[in-house]
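Just the structure for this:
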Amino acid sequence: MLDLIGPEEVQPAGSVAREGVGFGRRALAQGIDLVVHLVIGAVIGVVATILVLLGAGFRGVSPDPALARLSATSFLSFAVALLGGTAMRTLSEGLHGSTLGKRLCGIIVIAEDGGPSNMVGAIKRNIAYYVDSLFFGLVAYQKMAETPKRQRIGDRWGHTMVVRIAGLDKSTRPSGLRFAAAALLGLTADGLTIFMELAYRLVQ
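The predicted structure follows:
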């Protein structure tokens, strides 16, 4: 794991961060974000089930047909789940630089020139994530090994890089309040996307 994280992880706090974060820590952050996404999906599923049961009770009908539609899986449901996760990461990274997973791992997305992250870069890097993640992240790992900036394909396209928050000057770090707002917006977008797909199933 230490070899995957890379030597940049030991740079002292307060130094100018220009070397990127290694593969291991970034993969851990992605794993945390995936768990968060799955929890959101589970919560939305429970809420939708409760609403169906309440609605069926008020109308005096059986909830079984509606529950069967909720539990069915399809390509659309899979695509919407990917869209929700992408929206969560894009909004969090574009408005602050860190998803919840990245924040817990002490890392942040910044512009390639050292400036703050922006929405255009976040959109590009998260679209390209689905290429970088091929073969269990091997594509990203190989690209990141080519430069000290540890940029995967999405980073190069979006002109971004991932660094340690502790390596940024305190005056340039986005505030905790900004992180909370960006994370809340991202989580809300994820949940609403999933909920809308479930609602669509019920009206079919």
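
Select the longest helix from the protein.
In terms of residue count, the longest helix belonging to the chain (DSSP state H) is helix 23-59.

So which residues of the chain form helices?
Ranges of helices in the chain, per DSSP H, are 2-5, 23-59, 64-71, 75-95, 100-104, 119-127, 129-132, 134-144, 153-158, 176-203.

between the second one and helix 134-144, how big is the angle?
Comparing the axes of helix 23-59 and helix 134-144 via axes from the mean of the first three to the mean of the last three Cα atoms, to 10 degrees yields an angle of 140 degrees.

What is helix 23-59 packed up against?
For helix 23-59, the helices and strands in contact under the criterion 3 or more Cβ pairs under 8 Å, 6 or more residues apart in numbering; DSSP states H and E are helix 2-5, helix 64-71, helix 75-95, helix 100-104, strand 107-111, helix 134-144, helix 176-203. Every C-beta, even on glycine, is put in place using the N, C-alpha and C of the backbone.

at 10 Å instead, please
Using 3 or more Cβ pairs under 10 Å, 6 or more residues apart in numbering; DSSP states H and E as the contact criterion, the secondary-structure elements in contact with helix 23-59 are helix 2-5, helix 64-71, helix 75-95, helix 100-104, strand 107-111, helix 134-144, strand 160-164, helix 176-203.

Could I get the buried residue list for the third one?
Okay, so that is helix 75-95. Residues of helix 75-95 classed as buried: 77, 80-81, 84-95 (neighbour count, 16 or more other Cβ atoms under 10 Å).

Ignoring the adjacent residues along the chain, who's closest to Pro174?
Beyond its immediate neighbours in the sequence, the residue positioned closest to Pro174 (Cβ to Cβ, 6 or more residues apart in numbering) is His96, lying 5.0 Å away.

if I pick that neighbour, what's in contact with it?
102-103, 108-109, 116-117, 122, 174-183, 185-186 (Cβ atoms under 10 Å, 6 or more residues apart in numbering).

Can you tell me which of these are classed as buried?
Buried members of those, scored by 16+ other Cβ under 10 Å, are 102-103, 108-109, 116-117, 122, 174, 179, 182-183, 185-186.

next one: phi and psi at the residue nearest to Pro174?
As for His96, its main-chain torsions (degrees, to the nearest 10) stand at phi -130, psi -50.

any idea of the pLDDT on it?
The predicted local confidence for His96 comes out at a pLDDT of 96.

hmm, back to that, list the buried ones in the longest helix of the chain?
Result for helix 23-59 [16+ other Cβ under 10 Å]: buried residues 23-30, 32-33, 36-37, 40-41, 44, 48-49, 51-52, 56.

List the residues that contact the residue nearest to Asp113 when sequence neighbours are not counted.
Taking Cβ to Cβ, 6+ apart as the measure, Asp113 lies nearest to His159, with 7.7 Å between them; neighbours along the chain are not counted. Residues touching His159, when contacts are defined by Cβ under 10 Å, 6+ apart, comprise 111-113, 115, 118, 120-121, 124-125, 151.

Cool, thanks, talk later.
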